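1. sequence first, predicted model second:
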Amino acid sequence: MSGQASSPLGIFDSGVGGLSVLRAVRQLLPGEPVIYLADQGHVPYGARPLEEVRGFSESITRFFLEQGVKLIVVACNTASAAALQYLRQIFPGVPFVGMEPAIKPAAEHTRTRVVGVLATPATFQGALYASVVERFAHDVTLLQDTCPGLVKSIEAGHLDTPETQAILMDALLPMLERGIDTVVLGCTHYPFVIPLIQRIVGAEVRVIDPAPAVARQVRRLLDTSGMRSPGQEPGRLRFYTSGSVTSFASFLPELLGETGPVQSFHWVGESRLVIA
């Protein structure tokens, strides 16, 4: 791994969800070059066994290291739950930043002591989520929902359709009846439907997007290690997807507000990435 400040960051997710994290990173660290990888051939990760997601994450990490990245952001709650601790063990010299459900700030600021959490099944099943709940949610009631179909709707670009609204209403209306005043987004896809969520829950309910906190952690690690890019111009963006290049590229202006070259990759078995 290159330790040079000019080396890129690596950010990955199963699809477009991690673009919400990349967007926050670009706002805070615009000079950093970034390689973003979307494993859309396997989307969604949330319904897959944790061991399988761990294997994907290890292979993606190896690919990033071949590209010379200096820090890796696991911009996927499912992959963080399945693989973050494992990745840190087998790549001890690599700085990783993962997604942690924002239970702590929700517990600190809730007035009703009732918090809604939207996440994938794998995130709820992971040890990371259990640890966060155990540490920070002793006196808070957590209402959980896996929002079946929501990731696929967002991957299809359905950010404000009757179908997407129905999925969110099924999750949120029972929570509202039980008095939530905070919603935690435990999937990086979900920030893209915050306007729709906010319309359903109303202005009095706080919706927590974890991406800005992740970007701040990236900045902190870069600064403490002396790896922050000195460049003043916007860093170069490169994208890879195991899905449709055309479809992925079409999402970038709306979801990210920037574009860049998009290349295809495919899997050889389940363990090796090959650029098309």
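-> Yep, that arrived.

2. give me the neighbour count for the residue lying closest to Gln40 once chain neighbours are set aside.
-> Using Cβ to Cβ, 6 or more residues apart in numbering and skipping the chain neighbours, the partner closest in space to Gln40 is Gly243 (2.8 Å). Every residue, glycine included, has its C-beta placed from N, CA and C. Gly243 has 19 neighbours, counted by other Cβ atoms under 10 Å.

3. could you do Pro212 as well?
-> As a burial measure, Pro212 scores 17 neighbours (other Cβ under 10 Å).

4. hang on, the earlier thing: so what does the residue nearest to Gln40 have for phi and psi?
-> Dihedral angles of Gly243 (phi, psi; degrees, to the nearest 10) stand at phi -110, psi -150.

5. likewise for the one 5 residues further on?
-> Listed backbone geometry of Phe248 is phi -60, psi -50, with angles given as degrees, to the nearest 10.

6. how about Leu143?
-> phi -100, psi 120.

7. so it makes contact with Leu176?
-> No. With contact defined as Cβ atoms under 8 Å, Leu143 does not reach Leu176; the gap is 9.7 Å.

8. let's see the strand or helix carrying Ser247 as PDB, backbone CA atoms only.
-> Element membership for Ser247, per DSSP states H and E: helix 245-255. In PDB, the C-alpha atoms belonging to helix 245-255 read as follows (Å, rounded to 0.1, in the frame of the first residue of the first chain):
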ATOM      1  CA  VAL A 245     -21.700   0.600 -16.800                       C
ATOM      2  CA  THR A 246     -24.400   2.700 -18.700                       C
ATOM      3  CA  SER A 247     -26.900   2.400 -15.800                       C
ATOM      4  CA  PHE A 248     -24.400   3.300 -13.100                       C
ATOM      5  CA  ALA A 249     -23.000   6.200 -15.100                       C
ATOM      6  CA  SER A 250     -26.500   7.600 -15.500                       C
ATOM      7  CA  PHE A 251     -26.900   7.800 -11.700                       C
ATOM      8  CA  LEU A 252     -23.800   9.800 -11.000                       C
ATOM      9  CA  PRO A 253     -25.200  13.300 -11.900                       C
ATOM     10  CA  GLU A 254     -28.200  13.000  -9.700                       C
ATOM     11  CA  LEU A 255     -26.800  11.000  -6.700                       C
END
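
9. buried stuff in the lowest-mean-pLDDT helix or strand in the chain?
-> Sorted by mean pLDDT, DSSP states H and E, the helices and strands of the chain end with helix 121-125, the least confident at a mean of 87. By 16 or more other Cβ atoms under 10 Å, the buried positions in helix 121-125 come out as 122-125.

10. cool, and stretch 205-225?
-> Residues 205-215, 218, 221-222 are the ones in stretch 205-225 that count as buried (16+ other Cβ under 10 Å).

11. closest to Val132 among those residues?
-> Pro210 (11.4 Å; Cβ to Cβ).

12. coming back round to it: including pLDDT, distance to Gly31 and secondary structure, could the buried residues of stretch 205-225 go into a markdown table?
-> Formatted as a markdown table, these follow (pLDDT from 0 to 100; distance: Cβ to Cβ, whole Å; DSSP: H, G, I helix; E, B strand; the rest coil):
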| residue | pLDDT | distance to Gly31 | secondary structure |
| --- | --- | --- | --- |
| Val205 | 98 | 36 | coil |
| Arg206 | 98 | 31 | strand |
| Val207 | 98 | 29 | strand |
| Ile208 | 97 | 27 | strand |
| Asp209 | 95 | 23 | coil |
| Pro210 | 93 | 23 | coil |
| Ala211 | 96 | 18 | helix |
| Pro212 | 96 | 18 | helix |
| Ala213 | 95 | 20 | helix |
| Val214 | 97 | 18 | helix |
| Ala215 | 98 | 13 | helix |
| Val218 | 98 | 13 | helix |
| Leu221 | 97 | 16 | helix |
| Leu222 | 97 | 10 | helix |
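
13. could you single out the nearest of those residues to Gly186?
-> Of these, the one sitting nearest to Gly186 (Cβ to Cβ) turns out to be Pro210, at 8.0 Å.

14. skipping adjacent residues, who's closest to that closest one in space?
-> Counting by Cβ to Cβ, 6+ apart, the residue nearest Pro210 is Ala102, at 4.8 Å.

15. any idea how far the closest residue to Thr123 other than its chain neighbours is from Gly126?
-> Distance criterion Cβ to Cβ, 6+ apart; nearest residue to Thr123, sequence neighbours excluded, is Asn77 at 4.5 Å. Counting by Cβ to Cβ, to the nearest Å, the separation of Asn77 from Gly126 is 8 Å.
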